[in-house]
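Undergrad: everything below, folded, please.
(chains A and B)
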Number of protein chains: 2
Amino acid sequence: MSTAPKGFRFATACAGFRKEGRADLALLVSDVPAVAAGTFTQNRFPAAPVLVAKAMLAERPAARAVVINSGQANACTGDEGMRNCRTTQELVASALGLEASDILPASTGVIGAQLKMDLWEKAAPALAANLGKATPEDFARAIMTTDAFHKISHREVSLPGGVVKLVGMAKGAGMICPNMATMLSVVLCDAQVEASVWQKMLRDAVELTFNRVTVDGDTSTNDTLYGLANGASGVSASDEESLKALSAALTSVLGDLAYMLVKDGEGASKVARIHVTGAASDADAERVARTVGHSQLVKTALYGRDANWGRIVAAVGRSGADFNPDDVVVTLCGVELFRKGQPTDLDFDALLEEPLKQRDLPIDIVLGSGSGSYTLLASDLGHEYVNVNADYRS
Amino acid sequence: MSTAPKGFRFATACAGFRKEGRADLALLVSDVPAVAAGTFTQNRFPAAPVLVAKAMLAERPAARAVVINSGQANACTGDEGMRNCRTTQELVASALGLEASDILPASTGVIGAQLKMDLWEKAAPALAANLGKATPEDFARAIMTTDAFHKISHREVSLPGGVVKLVGMAKGAGMICPNMATMLSVVLCDAQVEASVWQKMLRDAVELTFNRVTVDGDTSTNDTLYGLANGASGVSASDEESLKALSAALTSVLGDLAYMLVKDGEGASKVARIHVTGAASDADAERVARTVGHSQLVKTALYGRDANWGRIVAAVGRSGADFNPDDVVVTLCGVELFRKGQPTDLDFDALLEEPLKQRDLPIDIVLGSGSGSYTLLASDLGHEYVNVNADYRS
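TA: Next comes the predicted model:
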């Protein structure tokens, strides 16, 4: 039995945008119109498909299909890029017997080049003909660019009315992809849910997951998440209990994918879970978490397996958050490093030698100023990062 | 003839804070009380000497001497660190026949360890006995930690009343020093200048120089700049013309030192001069410059000699500054890369192959929204950075 939500079919095709013989077009179609929601990059240079999709969803929160190409981002491509994006919707819609306005587009790949429309014309009918022959895994593989592995997460949720399923697929090696424009994700659900409720549920889940990971803070021009709920399970999620369960499952799926993005950060070997509590506000906690998570000194120390509390403390100190330095406590992998303005008496190097070899490194920071909190996942910074990002175009 | 301002003498000593036989104590004494000003780190965990010196200068903007040790930062050392700092002032004052309140202290080195007071007790008399035997160059060498070269800059300025001299010394490999706490600088002048005027002149010059460089944005716990003006030239700077000339020379000396900090950024091979104009405000221009200058993707591209305009544009787009994307123009080493929302038709790789081999790389960003501007010097990010910062404590 398929683990995918009911009423969705998948297809991939090799259009030749990147390499011969590699699937670089991914399509999913809902058998019936699905409630559709999206969240998009905040970058001031949004890609053409971002602009097109935002306008579509603002007009009508529904869709039948999502088509994603990898290899070309269609970002920084001007009016021609906008026209090309609409043409790809028409090509796919026509091959499927749908309307262009039924098709949500997304692109990922090199910024600045126009889409290869001749390849799209050839590939669209083949893509439509393949519908039903691919799995969500195939879809997740076809949208990869420099990803080391494909990213997928499933959940089944028992609601009072019955079981509904969720599947999420994502691509992106953190937010760091060199010239690749970057994070794309689709989450599918077969519950019946009202459009505005689904949109809010998606936004809330993103705030708790994708918006709390960082590789290098470089927000791309293409970041897009689509959520489609087609109701094909026949199970309605409208009562409070159902919505709570569905929301938890959705957050859990997106949390899985967000973790995978950081784990796959190009050149990353570590995933730091920076947990800040006791802040004067949640915003202050976020400031501290982001300053620590973006600090090159902290990131290189994690890579070097160095119990370097001084770099964490210095980052906390320059974050701009409000606190009393004497109240701050910093704990790394369960070992308390810093309290009352100075290092504790523990033998950090001995205690942390083994924990720092693990992939997952919890960093707990207590500010002692209030009840604000925030958690951020951050990658480390090592030689492979420099290799990938300095040598990408050569 | 010495190029140093009149009325200052210098000494160094090997106390053994770091390695045997390396000068790690630096002293300068003004023959007469000098007008003294300071600017200090904004970090919420300021080092003990920062706290001591801020209190001193708030009470009385004057000093006779500056003593700096390298090897130990005396940061995150609690009350004991404060007591130790005051004891070092007393030790040096006593050896010189001065008061503790005449001595401005500064420390740089590893964070979190208490000062080795036994070494201070032994070294203070030797340091005082050496007074007059060292040059400003020796002073600049003794305050180095991981610096690849010592940093010094001289100016002579003809004022209406005669010639005055300035010399500035600094240490720091950018703001990036691993566990080393980080930027220290002293600028000396033999002009007669009023304390509040000198303080403002110094603050303004810092805002245009040291505050506009970045290696990784990691502001340290110890950053300190002292400015001493002792009037020993007998030349007064009080009229508008003199103050303007002196201010320009001071800014020029600090600009030299700030450039050297970025050039010496551990592992840095490039100095990018990011010049943002046409912003809605100076603050917006600064936002853009800092976002570009801190972007790991831009920094690795500069290291890789990659004309990667997409990374610059994406950083501009996420900076939070207000502008119309179609009005933005990005120029790298004089070659216009991006205009009207898309790349220009130039052959970037051919045009930029040679310029990108240079150390100094101008990046000009025009936003087309107003008259705000900002300039930031930023280092690149390469393998040597990771080497130095991942392996520092091992």
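
Undergrad: SS state for A:Q114?
TA: Following DSSP: H, G, I helix; E, B strand; the rest coil, we place A:Q114 in the coil state.

Undergrad: okay, now whatever residue of the stretch 51-200 of chain A ends up closest to chain B: neighbour count?
TA: Here the residue of the stretch 51-200 of chain A nearest chain B is A:I111; by Cβ to the nearest Cβ that distance is 3.9 Å. Placement of C-beta: from N, CA and C, glycine included. Residues lying near A:I111 (other Cβ atoms under 10 Å in any protein chain shown) number 28.

Undergrad: again, but for A:A280
TA: 16.

Undergrad: that one contacts A:D322, correct?
TA: Yes: here A:A280 lies in contact with A:D322, judged by Cβ atoms under 8 Å, at a distance of 5.0 Å.

Undergrad: now do the shared contacts for the two.
TA: A:S369 (Cβ atoms under 8 Å, 6 or more residues apart in numbering or on different chains).

Undergrad: and the stretch 201-350 of chain A, which of its residues are near chain B?
TA: A:216-221, A:294-297, A:300-301, A:303-306, A:308-311, A:313-319, A:323, A:325, A:338, A:340-343 (Cβ under 8 Å from any Cβ of the partner chain).

Undergrad: what's the PyMOL line that selects buried ones from those residues?
TA: The PyMOL command for the buried members of these (criterion: 16 or more other Cβ atoms under 10 Å in any protein chain shown) is given here:
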select buried, chain A and resi 216+217+218+219+220+221+294+295+296+297+300+301+303+304+305+306+308+309+310+311+313+314+315+316+317+318+319+323+325+338+341+342+343
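
Undergrad: the residues of the stretch 201-350 of chain A next to chain B in strands, which ones?
TA: A:F338, A:Q342, A:P343 (DSSP state E).

Undergrad: elements contacting whichever helix or strand A:V388 is part of?
TA: Per DSSP states H and E, A:V388 falls inside helix A:383-390. Judged by 3 or more Cβ pairs under 8 Å, 6 or more residues apart in numbering or on different chains; DSSP states H and E, the packing partners of helix A:383-390 are helix B:296-303, helix B:383-390.

Undergrad: wait, A:C76 sits on B:R339?
TA: No: the pair A:C76 / B:R339 is not scored as a contact, 10.7 Å apart, by Cβ under 8 Å.

Undergrad: list the residues that contact A:A321.
TA: Neighbours of A:A321 in contact, by Cβ under 8 Å, 6+ apart: A:A279, A:A280, A:D284, A:A285, A:R287, A:V288, A:L367.

Undergrad: can you find the helix or strand in chain A with the smallest mean pLDDT?
TA: strand A:213-214 (a mean of 77; mean pLDDT, DSSP states H and E).

Undergrad: sheet-wise, list the partners of the helix or strand just after that strand with their directions.
TA: Per DSSP H and E, strand A:213-214 leads on to strand A:224-229 as the next helix or strand towards the C-terminus. Partner strands and pairing direction for strand A:224-229 (DSSP bridges) are strand A:25-40 (antiparallel), strand A:184-189 (parallel).

Undergrad: got the CA coordinates for strand A:224-229 in CSV?
TA: Only the C-alpha atoms of strand A:224-229 are listed here, as CSV (Å, rounded to 0.1, in the frame of the first residue of the first chain):
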residue,chain,number,x,y,z
THR,A,224,9.1,28.2,-1.8
LEU,A,225,6.9,25.8,0.1
TYR,A,226,3.6,24.6,-1.3
GLY,A,227,1.0,22.8,0.8
LEU,A,228,-1.8,21.0,-1.0
ALA,A,229,-4.7,19.4,0.8
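
Undergrad: and the contacts of that strand?
TA: Contacts for strand A:224-229 (Cβ under 8 Å, 6+ apart): A:8, A:28, A:30, A:34-41, A:49-50, A:53, A:63, A:66, A:104, A:106, A:183-193, A:198-199, A:202, A:206, A:210, A:250, A:254.

Undergrad: after it, next one along is what?
TA: helix A:240-263.

Undergrad: what mean pLDDT does the helix or strand following that following helix get?
TA: Next along the chain after helix A:240-263, taking DSSP H and E as the criterion, comes strand A:271-279. What strand A:271-279 shows for mean pLDDT is 95.

Undergrad: likewise stretch A:46-55?
TA: So the average pLDDT for stretch A:46-55 ends up being 94.

Undergrad: ok, now stretch A:116-126?
TA: Stretch A:116-126 comes out at a mean pLDDT of 97.

Undergrad: burial measure for A:A237, as a count.
TA: 27.

Undergrad: list the contacts of it.
TA: A:A237 touches A:L159, A:G161, A:V164, A:A191, A:Q192, A:V193, A:V197, A:L243, A:A245, A:L246, counting by Cβ under 8 Å, 6+ apart.

Undergrad: cutoff 6 Å now
TA: A:L159, A:A191, A:V193, A:L243, A:L246 (Cβ atoms under 6 Å, 6 or more residues apart in numbering or on different chains).

Undergrad: quick check: A:A245 touching A:V157?
TA: Yes: A:A245 lies in contact with A:V157 (Cβ atoms under 6 Å); the separation is 5.2 Å.

Undergrad: those two: who's more crowded?
TA: The residue with more neighbours, out of A:A245 and A:V157, is A:V157; 22 against 18, by other Cβ under 10 Å.

Undergrad: can I assume the residue of the stretch 51-200 of chain A closest to chain B is in contact with B:R311?
TA: No: proximity of A:I111 to B:R311 does not meet the contact threshold set by Cβ under 6 Å, at 8.7 Å.

Undergrad: in strands, which of the contacts of A:A321 appear?
TA: A:A279.

Undergrad: going by distance to B:H383, which of the contacts of A:A321 wins?
TA: Nearest to B:H383 among those is A:V288, at 29.6 Å by Cβ to Cβ.
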